[in-house]
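Peer 1: okay, sequence plus prediction incoming.
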Amino acid sequence: MKELRHLMTPLDFSVEELERLFDQAGEIERHLPDFAHMCDGRILATCFYEPSTRTRLSFETAMLRLGGKIIGFADASSSSASKGESVSDTIRVISCFADICAMRHPKEGAAMVAAGRSEIPVINAGDGGHEHPTQTLTDLLTIRSLYGKLSDFTIGLCGDLKFGRTVHSLIHALIRYQGVKFIFISPPELRVPDYITELLAEKGISYEEVIRLDDCLPDLDLLYMTRVQRERFFNEEDYVRLKDFYILDKDKLSRAKQDMHILHPLPRVNEIAVDVDDDPRAAYFPQVQYGLFVRMALIMTLLDMTDDHMNHGLLRW
Ligand code: NCD
């Protein structure tokens, strides 16, 4: 029997495997109808113990577009977690119903605990302030599609770098590519965690930390904006003080390079003014679409229905 594969962090896939996944996502983008029955008869469970719009709906749409079906819950209070059931027990139960599970949880490491007891592939759809690997797959595919490469650029990551799990996963993924320079833009209270800067230093990867976006905007090839995450603060006062620390508007953007694309995992609050949305450099809505294709490719990969099946003619092109 094939080994069960999960996705907890982007590092669970080698760079070569990621390339294959992105190629597959590209095929899906170009030939969407050809994939409409790839997962006929399969079931995806989405177990979301924390709010989500994009990630959950993106997973569900991905499975539906592959011809599969979906079950799950979008709110811990409507699951047996509200009765005190552990994540380990829940996943053992879900394993009896579904073929694959995407799980989001407010506690760091929850998806990993689930994977340890699961009989089906588990995808970490965000665990607290820790990791969010499928957002990273989305981000990498978007960058690769926009720039044709994943190396040799300067990326500014701006906003809540302390609690932002999308940022943590993206940094981990990007350090495997050549010539990526990081500029971390955050207020001192929301600096990127020490374990990440220590890792960069250890690997000899160059990074800078700045407080003002203005200090580095003209130098960036890519800007990754994030929201200040109210739900991760211990007190409201700190959140209110920091929530509007960065606002990217048209005026500010005039100082950036003409081909500096702006990414954002969304949801956006105030950090990008809506007048930026019409700028051709605003890539955060197309990014959502890439998230769908890459999740379709991921589901197929974890269910082991990619190359072999294609070689055996299951695809009709
Ligand atoms: C992010 C998340 O949930 O971590 N959103 C997402 O999944 N697209 C970012 C956020 O909530 O700010």
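Peer 2: Okay, I see it.
Peer 1: excluding covalently adjacent residues, which one is nearest to Gly116?
Peer 2: The shortest distance from Gly116 to any non-neighbouring residue, by CB to CB, 6 or more residues apart in numbering, is to Ser88 (7.4 Å). All C-beta spots, glycine's among them, are computed from the backbone N, C-alpha and C.
Peer 1: tally of neighbours for that neighbour?
Peer 2: Applying other CB atoms under 10 Å, we find 13 residues neighbouring Ser88.
Peer 1: wait, Gln24 sits on Ile299?
Peer 2: No - counting by CB atoms under 8 Å, Gln24 does not reach Ile299; the two are 10.6 Å apart.
Peer 1: look at those two and report which has more neighbours.
Peer 2: The neighbour comparison of Gln24 against Ile299 (other CB under 10 Å) goes to Ile299, with 25 against 21.
Peer 1: report the buried residues of the strand or helix carrying the residue nearest to Gly116.
Peer 2: Assigned by DSSP states H and E, Ser88 belongs to helix 87-95. When neighbours are counted by 16 or more other CB atoms under 10 Å, the buried residues of helix 87-95 are found to be Val87, Thr90, Ile91, Ile94, Ser95.
Peer 1: from those, which is closest to the ligand?
Peer 2: If you rank these by distance to the ligand using CB to the nearest ligand atom, Val87 comes first, at 18.0 Å.
Peer 1: I figured that closest one hits Gly116, correct?
Peer 2: No - in this structure Val87 lies outside contact range of Gly116 using CB under 8 Å: 9.7 Å.
Peer 1: residues contacting the nearest residue to Glu119 once chain neighbours are set aside?
Peer 2: If the residues on either side of it in the chain are set aside, Glu119 comes closest to Ser95, at 3.7 Å by CB to CB, 6+ apart. Applying CB atoms under 8 Å, 6 or more residues apart in numbering to Ser95 gives the contacts Cys101, Ser118, Glu119, Ile120.
Peer 1: can you tell me how far the third one sits from Gly41?
Peer 2: Think Glu119. Here the criterion is CB to CB, to the nearest Å. By it, Glu119 lies 17 Å from Gly41.
Peer 1: follow-up on the earlier one: next SSE downstream of the helix holding Ser88?
Peer 2: Moving toward the C-terminus from helix 87-95, the first helix or strand encountered (DSSP H and E) is strand 100-105.
Peer 1: counting contacts, what elements does the following helix or strand past that next one pack onto?
Peer 2: Using DSSP H and E, the helix or strand that directly follows strand 100-105 along the chain is helix 110-117. When contacts are defined as 3 or more CB pairs under 8 Å, 6 or more residues apart in numbering; DSSP states H and E, helix 110-117 packs onto helix 87-95, strand 100-105, strand 122-127.
Peer 1: still on that earlier bit, and the angle for the helix holding Ser88 with helix 110-117?
Peer 2: 60 degrees (axes from the mean of the first three to the mean of the last three CA atoms, to 10 degrees).
Peer 1: how does the chain divide into domains?
Peer 2: Domain assignment of the chain by automatic domain parsing yields the ranges 10-131+291-312, 133-287.
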